[in-house]
Each structure stands twice: as C-alpha cells, then as structure tokens.
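# Here you go, sequence then predicted model.
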Amino acid sequence: MKKWFLFLIIILNISLAFSEIPSPVVIEGYISDSVTGDMIKEPIVTVKDKWNSINANTIINSPGKHDIGHYDAVVIGNTGDLIRVYAYDKNNPSCKGENSKTLTGDGKLIINVELCCPPTPPTNLKPDKPLHFNSTMEVEFSWTPSTKGNPEYPDIWTTFSGPKTIKDPPNPLKISLSNLNTWSLETCNGILKTNKYCCIKKTIGVGTKNNPCSAPTNLTGYLRDGLVITQWSSESIDIDGDKCHDEWKAISLKEGATLDNPSWSKLVNDANKQGEIAEADLVTYWQVRSCDDQKRGDSCSEWVSAITPSCNKVSSECPNLDKLRKDLNNFDSLGTEIYCNGIKIKEAIVKSVELRPNKKTTLQLLNGKKYELDYCPWCYDGIKNYDEDEIDCNYNAGRSCPICKETTQSILYKMKLPKENLLWLLILLIMLITLAIVLYIKFRTQRKIKLKKL
C-alpha cells in the first residue's frame, strides 16, 4: 500500500513540474479615434481574461500615472490565453471599439484599441409596411436624416439601397416600382480625403400585400332540360382595385359513383356567373371562388360549395325535387360544410332527400348512412327558430317539434299568463305578506294591552 502511495506522489510531482502555472501579465495600450487618430481623453476600458473582467487603470481613476488615452491592467493567465479589451469614450459613449490578442509568455502584452464614432441611425423610414402593386407605380421613400457621430468628423453622407443604389439621395425619394421587398439607408461620418469613416446601416423589410377577392354568394342551382344550371353573385373588383374573375368546378354523380371517381367533372377558370352548366346525374356537387389578377397564393377567396339534387330520368332513387324546393332554406351550403334538414354533412354527399306529409324526413347519403327524423328538420339544430317556443321544442302537442319539458315558461304558457305579468304577481304576493305581518303585530299589541288591564 505504501509503495502505491509513493508511486502516486511521484507521478503528481512530475505532472506539476511539466504543467504551466498561471502567472500575472500586464496588459496596456492606447485608446484612439479610428478616424482622426487622436487619443481619447477619458476612455473607459475593460480587460477580459479567461476568468475575470477587469476595469483597467486610466487617467480617469489614476490621474498623474497615465498619459491621455493610456490604460493598463494586470491579468492572470497562461501562454495562448485570449485577452479581449473593450473601450468607449466617457464623453461620447456611442464611440466604441475592441481588440484582442493571445498571451505570448512575456510579462507584458500591448493591445491598442481604435474607437469608431458612427452617426446616429436614420429614423421614421417610410414605407415600412407591405405595399400593394396593381402594376408599376410610384413609391415615395422618406426618413429623418442621421446626425454626426463625432462633431470633428467633417463629412457625412448617405447611401440608399433598394431597387437601385443612390448616394446622397433626395429626401423624399420617388421611384417607379412594380414590387419591393426591402430597402436600406447607410449613413457614414468621417474624412473622405483619408478614406476613414464610421457607418451605420438600417434596413426596412417591406414586401408586398394583397387582399383576395370576396367569396361568391347566393349560390343557386336548378334543373332545366336535363342539365343543372348554376348561378351565383360575385364582385368584379376587390378592395385593392384589382379585377376579379370567378373559377368554377363541378362533379356529377350517378348511382355508385364517388367523389374520387365521379361520373362527370369540369373546371372553368373564367366562369360565367350568369349560368355555368353541369350534367344532371343523381346529384351535382359544385364549387366557385373569386380570384384577382395578381396570380399570388393569396389572390383567391375560399371555395364556396353547393349541392344540387337532380334526376337523370333513369335512376329510381331520384329525390322529390318539388318537395325539396319548398324547404330550400334547410338545404343551405356553408363552405365545405353542407347543411341538409338540420344535419351537418361533411365529406359526404346527399343521395336522396324526401319530405313526407307526416313530417317524417328521410335523408340518405352516398356513404351509405341513412337518417329517419320524426319531426321537422329545424327541431334538431340546437337553435330556437321557426315556430319553436324553446330550443327544438313546442309547448303544445301536434306542432313541428316535440313537447318541451315542464319549465316555468311552459307552465306560464299553458296558463296563458304573459311573462310581463309575473312581476305584478310577485309584487301582489309581497304586499299580502306585508299586510299579514302588520295585522299580526297589531293583534299582539292589542292583546298585551288587555292583559295589563286585567
């Protein structure tokens, strides 16, 4: 055990002998202006070694020991460690600079730093929001100019970059464009003769915008001479002033056909809203949308869908169109969600609809699902509408919907008592109770008086 312990001590001593122990190193240098070359009178300097951040000694905190612009600090490190020096002007904090070097093994390392005093950035750059381009149009650029970063720098200039590059452009600047993604201003302040200067750049992302045309409305389809005639309403110009045209597509389904494999289909890119014609099989599913001429991803409205039952005079499954037309308001289309007889149909197609005199409704879909409804279609939509007294119910039997459960409202209805008279009933009841209390108190008082006399 002692042998192993001695062996470890020997190995440790050898490692320490060959390892480099960190030693103190003096870091010093001068802080100057990168344009004029003048020394900074009151620099603020920070020196960072591998472990610490040190505030350097300067003429500010060690007067009489340093020249103008001079600094020094002591760090602890090994050869190869990176030393960074950051500095700025106390009298003009926007004048900043930095420099770095690696330790060489000497006891001193000189790191000089040049400060750059950039101009203030331009402000209020316009345009700064997406623009809409119908075609080539004149765009006005404007801004609040920069000011010098250092009053001793004699020259200041600005460069505009965008669809073209312009040095010292007029403000405002007008250019005819058909699109615009970004534009920028770079302002420099310095001495042109010596080609020394400091710059600052500001870039504005603009891009283009487009509002789609409004979605078509009033979709109507009807059967005529064995064909389905489809019509709708749409705007000719959108809010951007772009011309709108309609796109129309339709499929027709025979018995056994599916949406993926229809019996007939058609797509029209510039549709006629006064009457696009589709083949009339068992049912016709059609859609329409409006698009502007920008040919962008946001140029078109959403597709608006409609479904038109029809009869090809061959299928025995054809819906009773006369009965169906009497209740078209229960066959509205809302986007890709279609409502028929109060039941929302999604990713399915109507095969047949029959409204029978006994108020029973049969609804069959091409996906095989079939619905038998005992009451009128609006009695299943969760909304108080049509002749309903409450949501999806009536107070009396024999009407469109099932009878409502007993509630205060239904009881009052059966009593034929208007709701507004309920308040008067409550007031009358309170008055009677109050009168009873007053009479009781009076009776008790009179009784006490009689007992005292006895």
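Yep, it's here. Just so you know, these numbers come straight off a predicted model, no measurement behind them. Numbers count the residues shown, from 1 in each chain.
# rest of the way, CA atoms for contacts and neighbours
OK.
# which stretches of the stretch 1-150 of the chain form strands?
For the stretch 1-150 of the chain, applying DSSP state E, counting those that start in this stretch gives strands covering 23-33, 43-48, 53-55, 57-58, 70-77, 82-89, 92-102, 108-110, 113-115, 123-126, 137-144.
# scratch that, the stretch 201-350 of the chain is what I was asking about
Using DSSP E, counting those that start in this stretch, strands in the stretch 201-350 of the chain cover 217-224, 227-233, 244-253, 264-268, 276-279, 283-292, 304-309, 333-334, 337-340, 343-345, 350-355.
# mind checking which of the strands of the stretch 1-150 of the chain is nearest E247?
strand 137-144 (28.3 Å; C-alpha to C-alpha).
# Mind putting the strands of the stretch 1-150 of the chain into TSV with distance to V288?
Below are the strands of the stretch 1-150 of the chain laid out as TSV (distance: least, C-alpha to C-alpha, whole Å):
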stretch	distance to V288
strand 23-33	68
strand 43-48	68
strand 53-55	68
strand 57-58	77
strand 70-77	75
strand 82-89	65
strand 92-102	60
strand 108-110	76
strand 113-115	65
strand 123-126	39
strand 137-144	32
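# okay, the ones you listed in TSV with mean neighbour count, distance to L259 and mean pLDDT next?
Below are the strands of the stretch 1-150 of the chain laid out as TSV (neighbours: other C-alpha atoms under 10 Å; distance: least, C-alpha to C-alpha, whole Å; pLDDT from 0 to 100):
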stretch	mean neighbour count	distance to L259	mean pLDDT
strand 23-33	19	76	93
strand 43-48	23	71	95
strand 53-55	15	72	92
strand 57-58	23	82	92
strand 70-77	21	77	92
strand 82-89	21	70	95
strand 92-102	17	68	94
strand 108-110	16	80	93
strand 113-115	23	72	95
strand 123-126	14	51	93
strand 137-144	14	45	92
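# can you tell me which of these comes nearest to G205?
Per C-alpha to C-alpha, nearest to G205 of the strands of the stretch 1-150 of the chain: strand 123-126, 10.6 Å.
# ok, that closest one: who's next to it in the sheet?
strand 137-144 (antiparallel) (DSSP bridges).
# Check what contacts the partner strand and list those residues.
122-127, 171-178 (C-alpha atoms under 8 Å, 6 or more residues apart in numbering).
# Check stretch 35-54 too.
30-33, 55-60, 68-69, 71, 73, 75-77, 81-91, 116, 153, 190-191, 196-198.
# First-to-last residue distance for it?
Distance between the boundary residues of stretch 35-54 (C-alpha to C-alpha, to the nearest Å) amounts to 27 Å.
# and if you look at stretch 122-132?
Stretch 122-132: ends 25 Å apart by C-alpha to C-alpha.
# List the contacts of it.
140-146, 180, 185, 187, 202, 204-210, 240.
# Kindly supply the ChimeraX command isolating those of those that are buried.
To isolate the buried ones among the contacts of stretch 122-132 in ChimeraX, judged by 16 or more other C-alpha atoms under 10 Å, type:
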select :141,145,146,180,185,187,204,206,210
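# Narrow the contacts of stretch 122-132 to those in helices?
Using DSSP state H, no member of the contacts of stretch 122-132 sits in helices.
# about what we covered before: go through the strands of the stretch 201-350 of the chain and name the closest to I383.
Nearest of the strands of the stretch 201-350 of the chain (C-alpha to C-alpha): strand 343-345, 12.7 Å.
# G382 in helix, strand or coil?
coil (DSSP: H, G, I helix; E, B strand; the rest coil).
# thought it was touching C393?
No - if you go by C-alpha atoms under 8 Å, G382 and C393 don't touch, sitting 9.9 Å apart.
# neighbour-wise, which of those two wins?
C393 (25 against 12; other C-alpha atoms under 10 Å).
# what domains does the record give for this protein?
22-115, 123-205, 217-380, 404-434 (automatic domain parsing).
# could these go into a markdown table alongside distance to D389?
Output for those, formatted as a markdown table (distance: least, C-alpha to C-alpha, whole Å):
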| stretch | distance to D389 |
| --- | --- |
| domain 22-115 | 75 |
| domain 123-205 | 52 |
| domain 217-380 | 11 |
| domain 404-434 | 8 |
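# Any idea which helix or strand in this structure has the lowest mean pLDDT?
strand 333-334 (a mean of 32; mean pLDDT, DSSP states H and E).
# doesn't R447 fall inside a helix?
Yes - applying three-state DSSP, one finds R447 inside a helix.
# what pLDDT does it get?
For R447, the pLDDT comes out at 75.
# before we move on, what about E317?
45.
# same question, the one 5 residues further on
If you check D322, the pLDDT there is 43.
# wait, isn't C188 in contact with P154?
No - with contact defined as C-alpha under 8 Å, C188 does not reach P154; the gap is 10.9 Å.
# between these two, which one's more packed in?
The neighbour count for C188 versus P154, taken as other C-alpha under 10 Å, is higher for C188 (27 against 11).
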